[in-house]
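Peer 1: The following comprises the amino acid sequence and a computationally predicted model.
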Amino acid sequence: MKELSVIIPAYNVENYIENCLQCLLSQLRENWEIICIDDGSQDNTYAILTDYAKRNKNLRIIRNEKNSGAARSRNTGLEAAEGEYVIFLDSDDLFDSNFLWKMYDRARNCDADMVVCQHMILKYDAMGQKREEPVEYTNWEMLPADTLSKKDCFPLLYFMVEFIPWNKLVKRKVLKENHIYFQNLPNSNDVCYSILATTYSDKICFLKEHLIFYRENRENSLSSGRMEKRNYTIYAFEHVFKELEERGLYTGLIKACLVNFVIYWTYNFYNQCTAELYKTILRDIHERLGKYLIKENVQDILYSDWCYYQYRCVQGKEIRDGNVYLIMREAVISLLQKNREKRIALWGAGKMGRRFIGLLEDNANYICSIIDNDSMKQGNELNGIPIISYEESVGKTDMVILLNRRYKKEILQQIGTAYAVLDFWQYAQFGFVPSLEK
């Protein structure tokens, strides 16, 4: 048996496939293999693959005479794979120079069924200049450990792992014994694969390094145009519900985690598209997911008031412009009251900060200061709360409440590890509060 199989479907990627292969071939050990499935390419992709295969004995090429889609190509690669572990990569992405080594070594050292890493977004401007942007893995802040086993019964597991396949190294035995494959859909074919692989993995390791450089919105890529077309993620979720139900797994913690995860994602579709497009999405939700999210009362297994608001939205019973601050008011007041001995600051005295302070009313007294980088605001007060600079707050604050996620990355870079940072939206979703103990 080989140790590792890397499976790459390729379709009309003559401009990208060489860089992809060069990143990976330099990392191969003797007993590893790369399987590329040319999915009926009409450019020079197959010729490039064939040339590389002649010079690299660890590279195997399978050719589909007609384009059959990424799902079938990935499944073909899985059938041909001989490795103890497998990973499915995209043909237009780039990778850290030690990507495969780090993933495989972590899997073997932990005897993990799955290893998940982080990734960067790769963008190019009009001049062809490359820009790398780290993806914010905010949910990983809630991981109780870097390695989770089934006995941990972690209720946010699907949120941590998500459903992209190319950041996951998985034991082939887990996939084969549990009949886990990619669903044949025009897009979102990886949803069922990732969720079932996560469900059946007894031990999952989280490698907190950005090892993949994902090329965003390349023309003709699977993800491009996803919101402009019918969103097949709804169809994929329906398939997941049915699969888990038929396998006797749609119960208890798995059911709760899946329901909250699906509501979270369907609400995101709702919140990102036009009102007209959402009519189509809402109809698909009712037709495809109605049995699980509409007809069945799942209110008792929702994680927070914010989840309930999202639940009402995907049912079509709530408008998406509802006041999210008001929805979370009681939960945030409870948080402040429980930590009344802590020094809690709010970041930002702009429109969002003013609205937030106004909703808290008398409970705003639990906020000791408001931090703002605008020197014109510093030295003033908002509802009696002093507005100060970050430098003034050092040594006088235990936790900072962050309302606007847009600036989270730069704020965290400025703060470093000085404070616990409460992401308001993360808290709204999960009721998660970071430790305030220093």
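Peer 2: Yep, it's here.
Peer 1: how about the strands in the stretch 101-250 of the chain?
Peer 2: In order along the chain, the stretch 101-250 of the chain carries the following strands (DSSP state E, counting those that start in this stretch): 114-124, 130-134, 147-149, 168-171, 203-215.
Peer 1: Need the winner for burial among those.
Peer 2: Per-stretch averages of neighbours, counted by mean count of other CB atoms under 10 Å, single out strand 168-171 among the strands of the stretch 101-250 of the chain, with a mean of 25. Just so you know, the C-beta spots here come from the backbone N, C-alpha and C atoms, and that holds for glycine as well.
Peer 1: Run through the neighbouring helices and strands of that one.
Peer 2: Helices and strands touching strand 168-171, by 3 or more CB pairs under 8 Å, 6 or more residues apart in numbering; DSSP states H and E, are strand 83-88, helix 99-110, strand 114-124, helix 190-200.
Peer 1: Strand 203-215 and the last one, what's the angle between them?
Peer 2: Relative orientation of helix 190-200 versus strand 203-215 (axes from the mean of the first three to the mean of the last three CA atoms, to 10 degrees): 160 degrees.
Peer 1: List the buried residues for the helix ranked longest in the chain?
Peer 2: Among the segments of the chain that qualify as a helix by DSSP state H, the longest is helix 252-272. Neighbour-count burial for helix 252-272 flags 254-267, 269-270 (criterion: 16 or more other CB atoms under 10 Å).
Peer 1: Which other helices and strands does that helix contact?
Peer 2: Packed against helix 252-272, as judged by 3+ CB pairs under 8 Å, 6+ apart, are the following elements: helix 157-161, helix 233-246, helix 275-289, helix 305-315.
Peer 1: so what's Gln310 up against?
Peer 2: Ile263, Tyr264, Tyr267 (CB atoms under 8 Å, 6 or more residues apart in numbering).
Peer 1: you'd agree the last one is up against Arg312?
Peer 2: In other words, Tyr267. No. With contact taken as CB atoms under 8 Å, Tyr267 and Arg312 are classed as non-touching, separated by 9.7 Å.
Peer 1: looking at the strands of the stretch 101-250 of the chain, which is closest to Lys377?
Peer 2: Smallest distance to Lys377 across the strands of the stretch 101-250 of the chain (CB to CB): 28.8 Å, for strand 130-134.
Peer 1: ok, and what's touching the closest one?
Peer 2: Contacts made with strand 130-134 from outside it, assessed by CB under 8 Å, 6+ apart, are listed as Gln118, Met120, Ile121, Leu122, Lys123, Tyr124, Asp125, His210, Phe213, Lys409.
Peer 1: From those residues, pick the one nearest Asp202.
Peer 2: If you rank the contacts of strand 130-134 by distance to Asp202 using CB to CB, Gln118 comes first, at 22.4 Å.
Peer 1: per-residue confidence for that closest one?
Peer 2: At Gln118, the predicted lDDT confidence score is 92.
Peer 1: beta partners for it?
Peer 2: Legend: beta-bridge partners of Gln118 under DSSP bridges are His210.
Peer 1: Now do it against Glu209, distance only.
Peer 2: Spatial separation of Gln118 from Glu209 under the definition CB to CB, to the nearest Å is 6 Å.
Peer 1: try Asn184
Peer 2: Distance of Asn184 to Glu209, given as CB to CB: 33 Å.
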